[in-house]
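1. Have a look at this fold, sequence not included:
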């Protein structure tokens, strides 16, 4: 079976596991924020890009709020177009968000920033820090581009999204760490 077919099957199963985790623990994002603040809160990272959760993604809004209150520059992704890397626009509590592609929300008219830390949503991950995304390649293109300079890439997920092995293709970018409601891998 080709990697594309394997990944498609894994995506379906991973979405079900993530939905079950979301339903079982809607407050997991607040717990994840505490772990993440231990990792990020006291270090010299200046700008941190996250995502506004869609569907059943673990809620990183408590973390975004804590980082903003801690004086960090925070940003959200904006999809510029098919085949393009993501653009990250500054976000602060109270900023207006506009609908984007795939049901995403992002700042409409905010300055673009290049993050030091990138929080990445995913469908599945493994212990080798590989991630299974939605399949459009936005984060892989973006990570490859941003890694021209120091960058910390953190996958963000429910612990139940871990699988034995994520199949990889040549363009798949690894994560540096994975944050879950159970801790940091």
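-> Nice, I can see it. Just so you know, these numbers come straight off a predicted model, no measurement behind them. Numbering: from 1, shown residues only.
2. which sections of this structure are below the confidence cut-off?
-> 1, 41-43 (pLDDT under 70).
3. Which parts of it are helices?
-> Ranges of helices within the chain are 3-24, 28-40, 61-69, 138-146, based on DSSP state H.
4. So for the first one, what gets flagged as buried?
-> Read that as helix 3-24. By neighbour count on 16 or more other C-beta atoms under 10 Å, the buried set for helix 3-24 is 7, 10, 11, 14, 15, 17, 18, 21, 22. For glycine as for every other residue, the C-beta is placed from the backbone atoms N, C-alpha and C.
5. and which of these is nearest to residue 165?
-> Checking those against residue 165 with C-beta to C-beta, the nearest one is residue 10 at 9.6 Å.
6. what separates that closest one from residue 131, distance-wise?
-> According to C-beta to C-beta, to the nearest Å, residue 10 and residue 131 sit 11 Å apart.
7. same thing with residue 74?
-> Per C-beta to C-beta, residue 74 is found 21 Å from residue 131.
8. One more: residue 84?
-> Look at residue 84 and residue 131: by C-beta to C-beta, they are 20 Å apart.
9. out of these two, which sits in the busier spot?
-> residue 131 (26 against 12; other C-beta atoms under 10 Å).
10. ok, that one to residue 27 distance?
-> Counting by C-beta to C-beta - residue 131 and residue 27 are separated by 24 Å.
11. Overlap of the contact sets of residue 10 and residue 131?
-> 123, 124, 166 (C-beta atoms under 8 Å, 6 or more residues apart in numbering).
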